[in-house]
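Participant: Got a predicted structure plus its sequence, pasted below:
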Protein chains: 2
Amino acid sequence: MNVLEYLKDHPVVLASGSPRRKELLAQIGIFPQIVPSGASEDTRETQPDRMVMELARRKALDVAGGCRAGTLVIGADTVVSVDGEILGKPGTPERAAGMIRRISGGSHQVYTGVALILCLEGGRTREYAFAEKTDVHVYPMDEDEIRAYAESGEPLDKAGGYGIQGRFAAYIRGIDGDYGNVVGLPLGRLCHAVKEFLG
Amino acid sequence: MNVLEYLKDHPVVLASGSPRRKELLAQIGIFPQIVPSGASEDTRETQPDRMVMELARRKALDVAGGCRAGTLVIGADTVVSVDGEILGKPGTPERAAGMIRRISGGSHQVYTGVALILCLEGGRTREYAFAEKTDVHVYPMDEDEIRAYAESGEPLDKAGGYGIQGRFAAYIRGIDGDYGNVVGLPLGRLCHAVKEFLG
């Protein structure tokens, strides 16, 4: 099965307003309909892999209601975990600086959960979900580098307070795992999962 | 030392015509003067790390002659190595398909060599060079996926016959190391090296 051909020839809905997820899919030639989910992101789950799968599934289900048979809905959620603590989006430069101090000079984990929902006749659906982990290793940063980056505007809307696809790449020693997973969508695992799910 | 500020405030020359290296530097806010080197890429060296350092140094030296004091010249060269064999740029879809078959379902190594030349007064220079390795793991691909990708035009000018920053991301299981290194320039190691070299 040629997954890229399949995804080009069938309706795909991305249940996320993230411009980065849209760009990642565009990179492999997939141009989905974008339907941002309004689902709540509140959860009691504290295990990052289970948390991102739960939220990804919630987003996909929120959008899948009443969709046309044959449509594939993709939901996704990404968090950063360091020493067992989950870092969300900082929102302010001060909180961003705190997060960058936490990850400077060490390793942390990025988890993206992906939920696939295939819409069938009669309102039925088939589901598939997974979580993908990538380890990220960061060089030690000087305090003025941390402050300058925190104030650059780049961190505010990004889990963990950094964008590996932006200026923060200057401080990355390396990763173990999928690069797109750190940006917000693991393209390789996603295509592999679609193959397993639909092939 | 804030390397990004330093590189923004000093003259930087990139001795490479690769649009991908230029884009990687732009990602971290560096906009160098582009001076593609005409240096020969012939070499007897067969060890990939030594080969890319030799060619990177040759490119940088070719361009550094007569440059203004304070200018930093960056040369770079990238190769793909699989089971001890070096894969260059395929040039034709047929050779691209052969390379993709070699890397499908397994792991290979990408080496980028980087040479830094700082131009001093009186035509003197200071040099620094390193090679960075990234392991790349590829999902097994079907023969029609290999052919479709080989014929997409994307592989022709890329070492190893693929672009991780393009459609081939759909087939990547993961990497160990720097992502930019696979694209053509290890941004994190480069900034770290500039810090060591000039700091």
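Facilitator: Structure's in. What do you need? Numbering: from 1, shown residues only, chains lettered A, B, ... in the order given.
Participant: Close to chain B: what parts of chain A are there?
Facilitator: Those residues of chain A that sit near chain B, judged by Cβ under 8 Å from any Cβ of the partner chain, are A:1-5, A:24, A:27-29, A:134, A:139, A:142, A:144-145, A:148, A:164-167, A:169-180, A:187-189, A:191-192. C-beta here means a position set from N, CA and C on the backbone, and glycine is covered the same way.
Participant: Those in helices, which ones?
Facilitator: A:3-5, A:24, A:27, A:144-145, A:148, A:179-180, A:187-189, A:191-192 (DSSP state H).
Participant: and the most far-flung residue of chain A relative to its centre, which of the three is it?
Facilitator: For chain A, the residue at maximal distance from the C-alpha centroid (Cα atoms, centre = their mean) is A:Gly122, at 30.5 Å. Under DSSP: H, G, I helix; E, B strand; the rest coil, A:Gly122 falls in the helix class.
Participant: May I have the predicted confidence score for it?
Facilitator: Per-residue confidence (pLDDT) for A:Gly122: 91.
Participant: and if you look at A:Val138?
Facilitator: pLDDT at A:Val138 comes out at 98.
Participant: For burial, what's the neighbour tally of it?
Facilitator: If you count neighbours by other Cβ atoms under 10 Å in any protein chain shown, A:Val138 ends up with 21.
Participant: List the residues that contact it.
Facilitator: By Cβ atoms under 8 Å, 6 or more residues apart in numbering or on different chains, the contact list for A:Val138 reads A:Ile103, A:Ser104, A:Gly105, A:Gly106, A:Ser107, A:His108, A:Tyr171, A:Ile172, A:Arg173.
Participant: cool, A:Ala159 as well?
Facilitator: Residues near A:Ala159 by Cβ under 8 Å, 6+ apart: A:Thr78, A:Val79, A:Val80, A:Leu87, A:Gly88, A:Lys89, A:Val110.
Participant: State the distance from it to chain B.
Facilitator: Taking Cβ to the nearest Cβ, to the nearest Å as the measure, A:Ala159 falls 18 Å from chain B.
Participant: So which residues of chain A form strands?
Facilitator: Taking DSSP state E, the strands of chain A run over residues A:12-14, A:33-34, A:72-82, A:85-87, A:107-119, A:125-138, A:172-177.
Participant: Give me the packing partners of the first one, helices and strands only.
Facilitator: This means strand A:12-14. With contacts defined as 3 or more Cβ pairs under 8 Å, 6 or more residues apart in numbering or on different chains; DSSP states H and E, strand A:12-14 has these neighbours: helix A:19-27, strand A:33-34, strand A:72-82.
Participant: which residue packs closest to A:Glu94, ignoring adjacent ones?
Facilitator: Closest residue to A:Glu94 in three dimensions, ignoring its sequence neighbours and counting by Cβ to Cβ, 6 or more residues apart in numbering or on different chains: A:Ala150, at 7.5 Å.
Participant: do you know how far that neighbour is from A:Ala96?
Facilitator: 4 Å (Cβ to Cβ, to the nearest Å).
Participant: Ok, A:Glu5 next?
Facilitator: Distance from A:Glu5 to A:Ala96, by Cβ to Cβ: 41 Å.
Participant: who's more crowded, those two?
Facilitator: A:Ala96 (26 against 13).
Participant: State which helix of chain A is the longest.
Facilitator: Longest helix in chain A, counting residues (DSSP H): helix A:48-64.
Participant: Pull that helix out as CSV, backbone CA atoms only.
Facilitator: Extracted as CSV, the C-alpha positions of helix A:48-64 are listed here (Å, rounded to 0.1, in the frame of the first residue of the first chain):
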residue,chain,number,x,y,z
PRO,A,48,2.4,11.7,29.5
ASP,A,49,1.8,8.9,26.9
ARG,A,50,-1.7,8.1,28.1
MET,A,51,-2.5,11.9,28.5
VAL,A,52,-1.6,12.7,24.9
MET,A,53,-3.5,9.7,23.5
GLU,A,54,-6.6,10.7,25.6
LEU,A,55,-6.5,14.3,24.4
ALA,A,56,-5.8,13.3,20.8
ARG,A,57,-8.8,11.0,20.8
ARG,A,58,-11.0,13.6,22.4
LYS,A,59,-10.1,16.1,19.7
ALA,A,60,-10.6,13.6,16.9
LEU,A,61,-14.0,12.4,18.2
ASP,A,62,-15.1,16.1,18.7
VAL,A,63,-14.6,16.7,15.0
ALA,A,64,-15.6,13.2,13.6
